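1. Pasted the sequence and its predicted model underneath.
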Amino acid sequence: MFDHHATLKQHFNALRTTADFFSLRYVRESGQYLSVRKNVAEPPHLSHDEGAMLTVRLNGVQAYAATNDISLAGLQAALQRAEQQARQIKPHALLDLHQQPVSSDVADYLSPNFEHAFPSLSDCYQLLGDESAAVPRDERLVSWDVSLGLTHVEQIYLNSAGAELRQAQRFVFPGVNVTAFDGHDSQTRTLGGSNFGQQGGFDVISRFGLIGAAPRVADQALQLLLAPNTPQGPRDLLLMPDQMILQIHESIGHPLELDRILGDERNYAGTSFVKAEDFGHLQYGSPLLNVTFDPHIPEQLASYSHDDDGTAASKQFLIREGLLLKPLGGALSQFRSGMDGVANSRASSWNRPPIDRMANLNIEPGDQSLAQMIGAIEHGILMSTNRSWSIDDARNKFQFGCEWGQLIEKGELKGVVKKPNYRAISAQFWRNLSAVGDASTFQVLGTPNCGKGEPNQVIRVGHASPACVFSNVDVFGGDA
Amino acid sequence: MNDFKALVQWLQQAVTDNEQFHLGYAAESSEFVRFNHAKVRQAGHVQQASLNLKLISDGRHADLGITLAGSPALDRQRLADGLQQLRDTLPLLPQDPYLLLNQEPWQSHNEHVRPLPDLARVLEEISQAAADVDLVGFYAAGPISRGFASSNGAFGWHQANSFNFDFSLFHANGEAVKASYAGHTWDSAEFAARLQQARAQWAFLGRPLHPLPPGHYRAYLAPAALEEIISIITWGGFSAQAIASKGSSLQKLYAGEQPLSPLVTVTEQISGSLSQAFSTEGYPRGDVTLIKAGAACDQLVNSRSAAEYGLPANGASSDESPSALQMAAGTLAQADILKQLGTGLYISNLWYLNYSDLPAARLTGMTRFATFWVENGEIKAPVSTMRFDDSVYSLLGSQLEALTAERELLLSPSTYGQRNTASNLLPGALVKRLTLTL
């Protein structure tokens, strides 16, 4: 672990520059993706990646150069290139960063169980193969796979103000999906995949419940195939945590990103219906809504001690009792806007610069058990597991679809329905939050696939949530 | 290319008689500049190079991605370490029944190394042209290289210098128009014309918004808007594996149950495109007709699907998605678009599409950038962001009235992981009915 630290530090100390401030962020990442599809092991995809980004601040103008050459000569060349870039853009620069404070923190951060060995590749294939073989024989089950992604990341951040931050993390992404087809329609049921990932070791697979899951997932795919289409009309909507994470992500997370509010993302990821002046004033949701930026749940995907600009991370309420308090803005966005924020300046790897990202963005548990929430619904529907997501560039008008629906009538769960969709407007939707599940319904989930930024970056984000009920939502099905 | 060739030569002598390899190569040296409020918000440079090594032995195979350091000795060492890791891995794997190798020693070479624009000049021109307008955008430029070699003697090389300036002009009311200027050679007059074209639409954005209730509308989808629909369809739509496993949104088209309009002909046209003429799996790539006059034609088949489903491989990528898709032109003249639309929506761009019902190819998504209300052939006012929910079999089927005679070459501005070389050549589409829902 951190084998390159001493050499990198030596190189860093030997770098020559005229910059007011400079930093080095080194990332080494190794990955392994395994899959067994219809009982056939797919060839493994392994990877080793490493490189460094040098960032300079010269006369108040910041620029970066990322290089795959981490020798002293390579780092020096990148530093000079960044300096040259800073000089070149000086006449056109949007920002003057002379006065922006920099970090001088020193810290290490490790994922839980990082030093415990993960099962061998053959043991992993055995596990995936056993699970794949447990899918029952039924000619309607036309496709299934069981997968496991594993990523190790080591990052070392050094800067000219003395900061020295090291992180070693392991991310685990298990998944099962099964597709059933009846000659006319097809239905897919998944567990995990892009809805689940955690930091840790084999404990993640245990928490996920991969072992023994495949027959249940297959049975649910068949149930969906036989189910009627979701009826159209307004209903109370009970969202389970594996759909809540998408709901939080798209209609709270993205609109609260401060760089969007400042206009940086208008050409690509979009803007926000939230304005800078809304913080401290806007009633974003009902008084039941409490949203936190929480980097301290050890197994959650984006738990860390410091972000990629070196800012120390701590738990913060972004929305308390429905009132909007803080944006998702890192040190630079805070400096630009004069607003308070959080430590969420993050980069997808060594070859992309940090920008405002979601990290762990969670809804705090309430006081209702699942049975209580269902019992209080007169005419509603339970939806679980995201299937489809679409939202406007200001993150307001959305339409989301789930894999699994179950009608709720007079306080009781009724039959399964397929192709459940719902649509609403973010600015109104959270105000219809009418019940929040207690800790027994709370799940720590996340996704490896959040895309944003120019150049584009895809990053891991964590979301933890209880089940929640929203009143009077426009629900509909597919083409039956 | 010489660095890559040296690694290939080393690998040729390092493998044993029982081993075969595929070696892919990707490199770029990119200038990235982000603009906000017509100023530079963030700028930098990225230099990266990587290999993808597949080792095959006794019917077993595994892939390893390796980032190169740019030093011949260190890179050779990384390749040697990677080879050893794969040698240690293969015995742990079962034989792969779907392993199908191309044994041909094919050769492919394509280089477009024209001088790139000077960044200082580009910054100056953008700065001057956008002095009085709120421009937001992203400029990416530099050389891109892709290579492939196999132990059977196949060798492919693709190298091109290119730039892509993808930008939007915002009106004070938050409405915007999007445009791009991309290619190999920066031409000041061409850039100015492109910006002027965007400004012409931008001028309409200041008019009061036309409120639009949900309902059915006639609509013209400009090529960039049609590209969003095509892009989501290509998310497995033409993939042999997705079609077989019922994950394709075009499964009813490929089953012969639902046709598209006879106006619709779609091909993957690698020849003459910016994409490399070989796949990462070591197959030369030819042109493939995917939809002909509204009926399903060929699928995109990679080697794995070829082995699994008994189809001929046609050089498709590992995810069997197209990278140089073309839709045949229609007959609607550019000058007649508004007149033939009559009253309805002129939609420049769509955004964030996804499936309401995948097997039925029913899509939802948003309008974004320069959507106008047109009355009697005249642009009247911009329209606020609206959601649509409609089927591909309707939009490109029963409700498709016309395709434009002129097509637009849309070069991908995507930079996830690396700069993308994909492109789409598309007409605009006039549809009799688009369903707006929110």
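-> Sure thing, it's come through. Numbering: from 1, shown residues only, chains lettered A, B, ... in the order given.

2. What residue in chain A comes nearest to chain B?
-> residue A:478 (3.0 Å; CB to the nearest CB). (Glycine included, C-beta is placed from N, CA and C.)

3. unless I'm mixing things up, that residue is touching residue A:419, no?
-> Yes: using CB atoms under 8 Å, residue A:478 is in contact with residue A:419, at 3.4 Å.

4. Need the phi and psi values for the residue of chain A closest to chain B.
-> Main-chain dihedrals, residue A:478, degrees, to the nearest 10: phi -100, psi -160.

5. again, but for residue B:157
-> According to degrees, to the nearest 10, residue B:157 has phi -140, psi 130.

6. pretty sure it is touching residue B:110, no?
-> Yes: counting by CB under 8 Å, residue B:110 is a contact partner of residue B:157 at 7.1 Å.

7. which of those two has more neighbours?
-> A count of neighbours by other CB atoms under 10 Å in any protein chain shown puts residue B:157 above the other of residue B:157 and residue B:110, at 20 against 15.

8. Pull the contacting residues for that one.
-> B:1, B:4, B:108, B:109, B:110, B:111, B:145, B:146, B:147 (CB atoms under 8 Å, 6 or more residues apart in numbering or on different chains).

9. Could you rerun that using 6 Å?
-> With contact taken as CB atoms under 6 Å, 6 or more residues apart in numbering or on different chains, residue B:157 is in contact with B:1, B:109, B:147.

10. could you pick out which of those are near chain A?
-> With CB under 6 Å from any CB of the partner chain as the criterion, these include none near chain A.

11. In the stretch 301-438 of chain B, which residue sits closest to chain A?
-> The stretch 301-438 of chain B approaches chain A most closely through residue B:357 (3.0 Å), counting by CB to the nearest CB.

12. Can you tell me how far that residue is from residue A:169?
-> 38 Å (CB to CB, to the nearest Å).

13. swap in residue B:227?
-> Distance from residue B:227 to residue A:169, by CB to CB: 37 Å.

14. Repeat that for residue A:321.
-> Note on residue A:321: its distance to residue A:169, by CB to CB, is 33 Å.

15. One more: residue A:60?
-> From residue A:60 to residue A:169 the distance is 33 Å (CB to CB).

16. same deal with residue B:344?
-> Counting by CB to CB - residue B:344 and residue A:169 are separated by 52 Å.

17. Least confident secondary structure element in chain B?
-> strand B:107-112 (a mean of 89; mean pLDDT, DSSP states H and E).

18. Quick one: residues in contact with it.
-> So strand B:107-112 is contacted by B:155, B:156, B:157, B:158, B:159, B:160, B:184, B:277, B:278 (CB under 6 Å, 6+ apart).

19. what about the closest residue to the first one other than its chain neighbours, neighbour count?
-> Pointing back at residue B:155 there. Excluding its sequence neighbours, the residue lying closest to residue B:155 (CB to CB, 6 or more residues apart in numbering or on different chains) is residue B:149, at 5.0 Å. By the criterion of other CB under 10 Å, residue B:149 has 23 neighbours.

20. buried residues in the least confident helix or strand of chain B?
-> residue B:108 (16 or more other CB atoms under 10 Å in any protein chain shown).

21. Give me the sheet partners of that strand and which way each runs.
-> strand B:155-170 (parallel) (DSSP bridges).

22. Helices along the chain, start to end?
-> All of this refers to chain A. A:5-14, A:72-89, A:121-133, A:202-208, A:214-226, A:241-248, A:258-261, A:331-337, A:370-375, A:426-429 (DSSP state H).

23. Hmm, no, I was thinking of chain B.
-> Using DSSP H, helices in chain B cover B:2-14, B:72-89, B:119-129, B:188-202, B:223-233, B:240-244, B:251-254, B:303-309, B:337-341, B:392-393.

24. could you pull out the strands for the stretch 51-200 of chain A?
-> A:61-67, A:106-110, A:141-159, A:164-181, A:186-192, A:198-199 (DSSP state E, counting those that start in this stretch).
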